[in-house]
Each structure stands twice: as structure tokens, then as C-alpha cells.
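Trainee: Just a sequence and a predicted model for now, questions to come.
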Amino acid sequence: MQIIDAHHHVWDLAVRDQEWITGPGLAPLRRDFALGELAPQARAAGVDATVLVQTVTAAEETPEFLALAGQSGLVAGVVGWTDLTAPGIADTLAAMRELPGGEHLVGIRHQVQGEPDAGWLLRPDVQRGLAAVAAAGLAYDLIVLDHQLPVATAVATQLPELTFVLDHLGKPPIAGGSLRPWASDVRALAARPNTVCKLSGMVAEAGAGWTTAGLRPYADTVLEAFGPGRLMFGSDWPVCTLASSYGEVVDTAHRLTEGLSEGERAQVLGATAARVYGI
């Protein structure tokens, strides 16, 4: 079974600040996290390949990530960032593919969770950009908060040609133990056949003292809604280190999928990511 970690980050604060790392709760993340730190942990956990995901809205980050992927035996794909509203987005995406490591570009992401406009994804200029992402044969990662799921469903309905990948289950309120209205909203998104979900980010949402039993209702909800063929594991390293070690996150993914058949587990732990991202 090939295991793919479909969601992790790296950053170097000397190169670029991570402005989102604020407050005492995130203080442990205010240091550099390099691929050289992750690689031995991934090998120890049996992870064969990873997908490196953007962290900031800076055009310079994606070429850096592509170059890193080109030099790495671990990173098989990069979900980068570009301005979806730019008139020349199609040319920009094509140019990215020509960069060193450009063959590793598999998707685009924007921090929709931080947009003050609740309908940002439905803006005409954004939808033109998303259509260009689809035309380029790339996926689009949705980083949204739970209350933004209905808008995500609306845009997925309007752009059936684009594969939308929901990061972190849409950030349900795991720490509070609530399933509503998140569960019904995520099921509505899953009803769109062009959507996929990442089994990722749960320990950070649950916080200190999390348990596998506490995560299971959320994992079971997306397993039922999307099915193993549209669900992929991601560690969300290093954000996961706020509440867990990398190895524990991988082990938890195994435990949360232990009720599946071997073929279904293989899909969640690697095959879905390989298919969706073309790895």
C-alpha cells in the first residue's frame, strides 16, 4: 500500500514571515520548519510521498516550493498560490509549469477562510480564475471555515469541470463536540461529484487532550459522505504539532480507517491523492 501525506507545509521565517502565526496558542509554530525535519518522520511512519501546500498569498512561494519538490525524493506534488482574479491567470499557470520542478504543480489554493467577503468564491472574477485552473488540469484546494461550506457547495455546483478538494473537513468545531450544522453542510458538498475531502487537520481543531474516539464521528461523517474513493489522508504538519506528533497523526489515520476493507483503506491513505493530484 502506497501512503501519501496529501497535506503539509514548510516555511523559513528568514525568507518570508508567516503573518497568520499570532498569539500564544500558535507560538510553537513561530520557527522554521524544513523538509529535512519532516522527511525522517515521514519515513519512520511509512509515508512514501507528500503534497506540499501553500501557506501565504505570495507569488514567490510557489516557485520555491516547486524547486524544492524537484530536488526532493519525498514531495510528489505542490498545491501553490496565484491570484485567481488576475486577467492573465492562464498564462501564469502555464509559466509555473515551465519553472524548475513545474511538473509537480498539482493544484491551487487561496486562503478563502480569511476573506471578509462571504461570497468571495462566487465573484465573477474568481470564477473566471477557477475555470482557468480547471482548464489547466489542476485541482483547487478549498480552505474554508465550516460556515463557508454552503458557498463552497454553490461554486462546486457552478463549476462541475473543476475538482474541489476540501481541506481539513471544512474545519468542523471538534473541540466543542458539535456536529451541526457542519455535518449536513459537508454532506451537501459531498453530493457534488467533483468534490474530494482531506482527512486532515482534525487534531489541531480538537486541541490538547484530543482522542481518537473524539475524532471518529467527524471522520465517519466524511467517510460516509464522500466514500473512500473521494477521501485522502493529510497530516497538516507542522500545524498538527500543536496537539500531536507526526507519527501519532499517521497512526490515527490508520485507526480511523481500520473498519474499511484493505482496498478502501488504500484509497484513503494514498490512492485517492494519487488519482486526484496525478501523482
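Mentor: Yep, it's here.

Trainee: Check what contacts the host helix or strand of residue 129 and list those residues.
Mentor: Per DSSP states H and E: residue 129 is located in helix 124-135. Defining contact as Cβ atoms under 8 Å, 6 or more residues apart in numbering, one finds that helix 124-135 is touched by 83-86, 89-90, 93, 107-108, 120-121, 139-140, 155, 158-159, 161-163. Every C-beta, even on glycine, is put in place using the N, C-alpha and C of the backbone.

Trainee: Derive a PyMOL selection command for the buried subset of those.
Mentor: Here is the PyMOL command that selects the buried residues among the contacts of helix 124-135 (16 or more other Cβ atoms under 10 Å):
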select buried, resi 84+89+90+93+107+108+120+121+139+140+155+159+162+163
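
Trainee: Pull out the buried positions in the helix holding residue 129.
Mentor: Judged by neighbour count using 16+ other Cβ under 10 Å, the buried positions of helix 124-135 are 126, 127, 129, 130, 131, 132, 133, 134.

Trainee: Output the contacting helices and strands for the helix or strand following it.
Mentor: Next in sequence after helix 124-135, counting helices and strands by DSSP H and E, comes strand 139-142. Helices and strands touching strand 139-142, by 3 or more Cβ pairs under 8 Å, 6 or more residues apart in numbering; DSSP states H and E, are strand 105-110, helix 124-135, strand 164-166.

Trainee: how about 10 Å then?
Mentor: Contacts defined by 3 or more Cβ pairs under 10 Å, 6 or more residues apart in numbering; DSSP states H and E place strand 139-142 against strand 75-80, strand 105-110, helix 124-135, helix 149-158, strand 164-166, strand 195-199, helix 272-277.

Trainee: Now distance to residue 32 and mean pLDDT too, for the ones you listed, in a markdown table please.
Mentor: Compiled in a markdown table, these are given as follows (distance: least, Cβ to Cβ, whole Å; pLDDT from 0 to 100):
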| stretch | distance to residue 32 | mean pLDDT |
| --- | --- | --- |
| strand 75-80 | 17 | 98 |
| strand 105-110 | 21 | 98 |
| helix 124-135 | 30 | 98 |
| helix 149-158 | 32 | 98 |
| strand 164-166 | 27 | 98 |
| strand 195-199 | 24 | 98 |
| helix 272-277 | 26 | 98 |
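
Trainee: Redo the ones you listed as a markdown table? Include distance to residue 178.
Mentor: What follows is the helices and strands packed on strand 139-142, written out as a markdown table (distance: least, Cβ to Cβ, whole Å):
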| stretch | distance to residue 178 |
| --- | --- |
| strand 75-80 | 29 |
| strand 105-110 | 26 |
| helix 124-135 | 30 |
| helix 149-158 | 14 |
| strand 164-166 | 18 |
| strand 195-199 | 19 |
| helix 272-277 | 27 |
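
Trainee: For residue 197, see how far away residue 236 is.
Mentor: Note on residue 236: its distance to residue 197, by Cβ to Cβ, to the nearest Å, is 13 Å.

Trainee: Kindly report the same for residue 133.
Mentor: Using Cβ to Cβ, residue 133 is found at 18 Å from residue 197.

Trainee: pLDDT of the helix or strand harbouring residue 221, averaged?
Mentor: Assessed by DSSP H and E, residue 221 sits inside helix 212-226. Summarised as a single mean, pLDDT over helix 212-226 is 97.

Trainee: neighbours around the closest residue to residue 15 other than its chain neighbours, how many?
Mentor: Excluding the flanking residues, the one nearest residue 15 by Cβ to Cβ, 6 or more residues apart in numbering is residue 64, at 7.6 Å. Neighbours of residue 64 under the rule other Cβ atoms under 10 Å: 20.

Trainee: so what's residue 64 up against?
Mentor: Residues near residue 64 by Cβ atoms under 10 Å, 6 or more residues apart in numbering: 10, 11, 12, 15, 16, 52, 58, 78, 80, 99, 101.

Trainee: what do you get for residue 239?
Mentor: Residue 239 makes contact with 7-9, 21, 26, 28-29, 33, 55, 168, 200-201, 203-205, according to Cβ under 10 Å, 6+ apart.

Trainee: Then residue 2?
Mentor: With Cβ under 10 Å, 6+ apart, residue 2 has these contacts: 46, 47, 48, 49, 266, 269, 270, 271, 273, 274, 279.

Trainee: And for residue 21?
Mentor: With Cβ under 10 Å, 6+ apart, residue 21 has these contacts: 11, 13, 27, 28, 29, 30, 31, 55, 239.
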